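Trainee: below: sequence and its predicted model.
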Amino acid sequence: MATHYMVIDLGNTNKKFAVFSNGKLKAIRIMPDITLPNVRSLVKEYPQITHCILSSVISYPVAVKKFLQKKFVFTELDEFTPLPIKNLYKTPATLGKDRLAGAVAGHLRFRNEPVLVITAGSCITYDFINSRGEYLGGSISPGIQMRFLALNTFTGKLPLISGKNRANLTGTTTQESILSGVINGTLAEVEGIISQYIQKNRKLKVILSGGDLNYFDKRLKIKTFAVPNIVIEGLHQILELNAGTIN
């Protein structure tokens, strides 16, 4: 029997809506905000949808949740949702649901191997799953745009600048110096953290994702796998598990 599922990922910056048909991504939409009319419009386009999962790191309209509950077999990802991994995080109620979904996708891509999932967005998150499929946790640091904003906000004269993919090591102007500190500093952070994990997990697989993926993809000296929609992928896998279509 054909399956048609909807996945909703409500992040700090973007709100993503994805439709899967028979396990394959059929459509994805990115919106700046979530409203009931937006959701109704998307649902109208795909009347075959039967199940829906939602993950959110923000507050969203109660009317949207009520509509989804009425329309579909609805799952809102929380610390009690059954998962294909074992969550050993000490405070599961505070764990970002996007981090958890990314960890699920990373594990299912590389079963029986240690995986580090790095998602670069508003924040940069590092999430580690060991070879036994146990999620242990990770770390959170400011994202690239947050670093630019912090330098402007908490100083008297440093300007707010937009990011660029490359920056000289030695900045010869204030703008170049900010670019060097933020871009090269963030790159050094990512490489350093990956190296520490590799020292403890020789066969580590590293996945890169998030809106700022382009800042790091192909620039790191360490082999990585780029997966632009890792959270969407993980949410779909969690929904499949809870719908009984995968083991």
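Mentor: All right, it came through fine.
Trainee: how long is stretch 84-100 from one end to the other?
Mentor: Across stretch 84-100, the terminal residues are separated by 11 Å (CA to CA, to the nearest Å).
Trainee: may I see the buried residues of it?
Mentor: Neighbour counts over stretch 84-100 (16 or more other CB atoms under 10 Å) mark 84-85, 87, 89, 95-100 as buried. (Each C-beta comes from the backbone N, C-alpha and C, glycine too.)
Trainee: could you do stretch 131-145 as well?
Mentor: Residues of stretch 131-145 classed as buried: 133, 135, 137-138, 142-145 (neighbour count, 16+ other CB under 10 Å).
Trainee: please apply the same query to stretch 102-116.
Mentor: Buried residues in stretch 102-116 (16+ other CB under 10 Å): 102-110, 113-116.
Trainee: and the average pLDDT for it is what?
Mentor: Throughout stretch 102-116, pLDDT has a mean value of 96.
Trainee: now that stretch - C-alpha only, CSV.
Mentor: Taking Å, rounded to 0.1, in the frame of the first residue of the first chain, the C-alpha atoms of stretch 102-116 are listed here in CSV:
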residue,chain,number,x,y,z
GLY,A,102,19.5,14.5,13.1
ALA,A,103,21.0,11.9,15.4
VAL,A,104,18.5,9.3,14.2
ALA,A,105,19.2,10.0,10.5
GLY,A,106,23.0,9.8,11.2
HIS,A,107,22.7,6.5,12.9
LEU,A,108,20.5,4.9,10.2
ARG,A,109,22.9,6.0,7.5
PHE,A,110,25.8,4.4,9.3
ARG,A,111,24.6,1.6,11.4
ASN,A,112,27.1,0.0,13.8
GLU,A,113,29.5,2.9,13.4
PRO,A,114,30.1,6.0,15.5
VAL,A,115,28.6,9.1,14.0
LEU,A,116,29.0,12.8,14.6
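Trainee: in strands only, show me the buried residues of stretch 102-116.
Mentor: Judged by DSSP state E, the subset of the buried residues of stretch 102-116 located in strands is 115-116.
Trainee: what two of the buried residues of stretch 102-116 are the furthest from one another?
Mentor: Gly102 and Glu113 (15.8 Å; CB to CB).
Trainee: partner strands of the helix or strand Tyr126 falls within and their direction?
Mentor: Per DSSP states H and E: Tyr126 is located in strand 123-129. Partners of strand 123-129 in the sheet, by DSSP bridges, are strand 115-120 (antiparallel), strand 134-142 (antiparallel).
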